[in-house]
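A.B. asks: sharing a model that was predicted from the sequence below.
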Amino acid sequence: MPQNAHAKGSWPVFRSLASYSLPGDLMAGLTLAAIAIPEQMATARLGGFAPQIGFFAFMAGSLGFALLGGNRFLSCGADSTITPIFAGGLAALAAAGSPEYQGFAIALALMVGAMMLAGGAFRLGGIANLLSVPIMVGFLAGISVHIIVSQLPGVLGLESPSGPTLDRIGVLATELGRTNPLTFCIGFGVLAVVFISEKISAKIPGALIGLVAATLAVIWLGLESKGVNVVGVVPGTLPRPTLPDLAPEQWVRLVPLAFVVTIVVMVQTAATTRSFPSDPDKPADVDRDFLGAGAGSVLAGLFGAFPVNASPPRTGIVAETGGQSQLAGLAAALIVLALLAFGTGLLRHVPDAALGGILLFVALRIIRMKQIVTIYRQSPSEFLLIIATAALIIVLPIQQGAFLGIVLSLLHGIWSTTRARIVEFERVPGTTIWWPAHPHITGERIAGIAVIGLQAPLSFLNAPGFRSDVTKILTTSTPQLLVLEASGMVEIDFTAAQILLDVFKACNEQGVTVALARLESVRAQDAFERFKLFDVLPKDHVFHSVDEAVRKLAK
């Protein structure tokens, strides 16, 4: 049972430790470390960093989230979803592995952390909804292709080609005949171990087992002399506070990249904390977890690392292995710290192909095939969004593709809103219920009465169409009473309010009585007051139901 439980509000910091269980958290922390060590090394290499930088990122993410985050299970650290994005952006500014590259990465971590902290402080959790499910599925599919293309050369023992992704695929296809069989066996052997372990149980540290086995094979069989590349010397340095030495204009150049990375971190953090809630009976505190992820990135920058992100798989491991609080993440961070301090000699013979095999598994795991098939079957138009987003990520420089993916998601939302048109209501025979007209539902109309509704927020995007539809109904049906069923109009902006005023005035001029029914949204009620709509529509023409409006105002 959890121990030392305290009221949620009494923990301004380290709130996620309020219900720790020492045995459970330590066991979960040990399992988490076994999963995280190979994964963080691989993710660091994916971004063009030395392996120990991945360890710095994991320790920073764990400490930062424990400090300010709220979710008891969430694991924060280096993440393969955002790493290709910022690695592509940083590569356009400096050579990977150079001190300048490292400086830009540190600055980016600080900027992403600051944006996340601002998002949490100003309660901007709604930003996490900027990416629709099809857009996110396509985004992950595109990221997966980038990871696979970047890691295949190391797994095959080939030189890594440069240039756009499609060009690199073409070069790799022509070089397959030069594959190093030993490297190939190591990379795909580790991939097989991780895959089989995951199938048996997510609690089995398949990546660590595969990494250890591959390393022992390299040592015992002398594979380095046979063309198998290894990690090499990993400095046993510990993280220490550092700040980047960048000119102001260089910070400015990082802003668009920081924005894109922040949006992706927000989306993944929100999805993770909602998938593994601390208290299933209460809504996830997304804003609080933005603070935790933001603190993790800030600390990562100060530790000399790169931006961090929530990890759904690692979070699931904590939840499934008995973790009760962020003590599990802190315990895993301490194990990583001990490895850095005393065990880096164990890492020098780790083959690059083994890390590549781990990343190939990650890439294959983030392709959500079941969702892709479901969306294809149920919503073909949104399936095209998956294809378009993945294509943008693959064909364009990845940071540009990610930005355009966000824009595409927003345009899709705008397009969906502009499609909202007026719905006419009919009365269900023998009842007082008025229901949207449908070909398969029997309904009845009353002469001289038109009941209409808009099942969407009324805004500048759809208000002109609303006016056009009302005008058409007034012209074709010539009703004496027009009832606006407003349950779906949860929001009304200034532009829409002016159009509503025009519609109400036009009805009055034509001798049509206007009534409002089911104005349930508090925001819509406030809009009627602020925009003085009640000056044109008397308040005694506002009713709780369509039936009440018809009974009292129908002539």
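C.D. replies: Here it is on my side, so go on. Numbering: from 1, shown residues only.
A.B. asks: tell me, how many residues neighbour A91?
C.D. replies: Neighbours of A91 under the rule other C-beta atoms under 10 Å: 18. (Glycine included, C-beta is placed from N, CA and C.)
A.B. asks: nope, Q455 is what I was after
C.D. replies: The tally of other residues near Q455 (other C-beta under 10 Å) stands at 14.
A.B. asks: relative to L238, how far out is it?
C.D. replies: With the distance defined as C-beta to C-beta, to the nearest Å, Q455 ends up 58 Å from L238.
A.B. asks: what sits against P241?
C.D. replies: Applying C-beta atoms under 8 Å, 6 or more residues apart in numbering, one finds that P241 lies in contact with 302-303.
A.B. asks: sorry, slip of the keys, the one I care about is L458.
C.D. replies: Counting by C-beta under 8 Å, 6+ apart, L458 makes contact with 466, 489, 491-493, 496, 500.
A.B. asks: please, which helix or strand holds the residue lying closest to it once chain neighbours are set aside?
C.D. replies: The shortest distance from L458 to any non-neighbouring residue, by C-beta to C-beta, 6 or more residues apart in numbering, is to A496 (4.2 Å). Using DSSP states H and E, A496 sits in helix 494-509.
A.B. asks: touching that helix from outside, list them.
C.D. replies: 458-460, 462-464, 466-467, 470-471, 474, 482, 492, 513-514, 527, 531-533, 536-537.
A.B. asks: ok, now stretch 178-190?
C.D. replies: Counting by C-beta under 8 Å, 6+ apart, 154-158, 207, 210-211, 213-214, 217-218, 223, 226-229, 351, 353-354, 356-358, 360 sit against stretch 178-190.
A.B. asks: only C-alpha atoms, please: export it in CSV.
C.D. replies: C-alpha atoms of stretch 178-190 as CSV (Å, rounded to 0.1, in the frame of the first residue of the first chain):
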residue,chain,number,x,y,z
ARG,A,178,28.6,-4.4,-49.2
THR,A,179,26.9,-5.3,-46.0
ASN,A,180,29.1,-6.6,-43.2
PRO,A,181,27.6,-9.9,-42.1
LEU,A,182,28.8,-9.7,-38.5
THR,A,183,27.4,-6.2,-38.1
PHE,A,184,24.1,-7.3,-39.7
CYS,A,185,23.8,-10.3,-37.3
ILE,A,186,24.4,-8.1,-34.3
GLY,A,187,22.0,-5.4,-35.3
PHE,A,188,19.1,-7.6,-36.3
GLY,A,189,19.9,-10.1,-33.5
VAL,A,190,19.4,-7.4,-30.9
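A.B. asks: before we move on, the earlier item: buried subset of the contacts of stretch 178-190, written for ChimeraX?
C.D. replies: Command for ChimeraX that selects the buried part of the contacts of stretch 178-190, burial taken from 16 or more other C-beta atoms under 10 Å:
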select :154,155,156,157,158,207,210,211,214,217,218,223,228,351,353,354,356,357,358,360
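A.B. asks: contacting residues for L26?
C.D. replies: Counted by C-beta under 8 Å, 6+ apart, L26 has contacts 327-328, 331.
A.B. asks: end to end on stretch 311-329, go ahead and measure it.
C.D. replies: 12 Å (C-alpha to C-alpha, to the nearest Å).
A.B. asks: now do it, average pLDDT.
C.D. replies: Averaged across stretch 311-329, the pLDDT comes to 93.
A.B. asks: can you read off the pLDDT for W11?
C.D. replies: 54.
A.B. asks: just H412 next, same as before
C.D. replies: At H412, pLDDT is 89.
A.B. asks: ranges for the strands of the stretch 351-500 of the chain?
C.D. replies: 422-427, 434-436, 449-454, 481-485 (DSSP state E, counting those that start in this stretch).
A.B. asks: list the buried residues in the least confident helix or strand in the chain by mean pLDDT.
C.D. replies: Among the helices and strands of the chain, helix 398-418 carries the lowest confidence by mean pLDDT, DSSP states H and E, at a mean of 89. Buried residues in helix 398-418, defined by neighbour count with 16+ other C-beta under 10 Å: 398-406, 408-409, 412.
A.B. asks: next one: the one helix or strand L32 maps to to chain centre, how far?
C.D. replies: Here L32 is covered by helix 22-46, with elements defined by DSSP H and E. Helix 22-46 has its C-alpha centroid displaced from the chain centroid by 22 Å (C-alpha atoms, centre = their mean, to the nearest Å).
A.B. asks: and whichever helix or strand comes after that helix, what does it pack against?
C.D. replies: Per DSSP H and E, helix 22-46 leads on to helix 51-68 as the next helix or strand towards the C-terminus. For helix 51-68, the packing partners by 3 or more C-beta pairs under 8 Å, 6 or more residues apart in numbering; DSSP states H and E come out as helix 22-46, strand 75-77, helix 286-302, helix 327-342.
A.B. asks: so which of the ones you listed comes closest to D279?
C.D. replies: For these, proximity to D279 was assessed by C-beta to C-beta; helix 286-302 is nearest, at 12.4 Å.
A.B. asks: may I have the closest one exported as PDB, CA atoms only?
C.D. replies: Taking C-alpha atoms only, helix 286-302 is exported to PDB below (Å, rounded to 0.1, in the frame of the first residue of the first chain):
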ATOM      1  CA  VAL A 286      -1.800  18.100 -17.900                       C
ATOM      2  CA  ASP A 287      -0.800  21.700 -17.000                       C
ATOM      3  CA  ARG A 288       1.100  20.400 -13.900                       C
ATOM      4  CA  ASP A 289       2.900  17.800 -16.000                       C
ATOM      5  CA  PHE A 290       3.900  20.500 -18.500                       C
ATOM      6  CA  LEU A 291       5.700  22.100 -15.600                       C
ATOM      7  CA  GLY A 292       7.500  18.800 -14.800                       C
ATOM      8  CA  ALA A 293       8.500  18.200 -18.400                       C
ATOM      9  CA  GLY A 294       9.600  21.800 -18.700                       C
ATOM     10  CA  ALA A 295      11.800  21.600 -15.600                       C
ATOM     11  CA  GLY A 296      13.300  18.400 -17.100                       C
ATOM     12  CA  SER A 297      14.300  20.200 -20.200                       C
ATOM     13  CA  VAL A 298      15.700  23.200 -18.300                       C
ATOM     14  CA  LEU A 299      17.800  20.900 -16.100                       C
ATOM     15  CA  ALA A 300      18.900  19.000 -19.200                       C
ATOM     16  CA  GLY A 301      20.200  22.200 -20.700                       C
ATOM     17  CA  LEU A 302      22.000  23.100 -17.500                       C
END
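A.B. asks: number of residues surrounding P12?
C.D. replies: For P12, using other C-beta under 10 Å, the count is 7.
A.B. asks: let's verify it: helix, strand, or coil?
C.D. replies: coil (DSSP: H, G, I helix; E, B strand; the rest coil).
A.B. asks: what stretches of this protein score poorly on pLDDT?
C.D. replies: 1-11, 555 (pLDDT under 70).
A.B. asks: wait, what's in contact with H438?
C.D. replies: H438 neighbours (C-beta under 8 Å, 6+ apart): none.
A.B. asks: distance of it from V428?
C.D. replies: Relative to V428, H438 is positioned 11 Å away (C-beta to C-beta).
A.B. asks: ok, how many other residues are close to the residue lying closest to F460 once chain neighbours are set aside?
C.D. replies: Leaving aside its chain neighbours, F460 sits nearest to T495 (3.7 Å; criterion: C-beta to C-beta, 6+ apart). Residue neighbour count, defined by other C-beta under 10 Å, stands at 14 for T495.
A.B. asks: for the one 4 residues further on, same thing?
C.D. replies: Other residues within reach of I499, judged by other C-beta under 10 Å, total 20.
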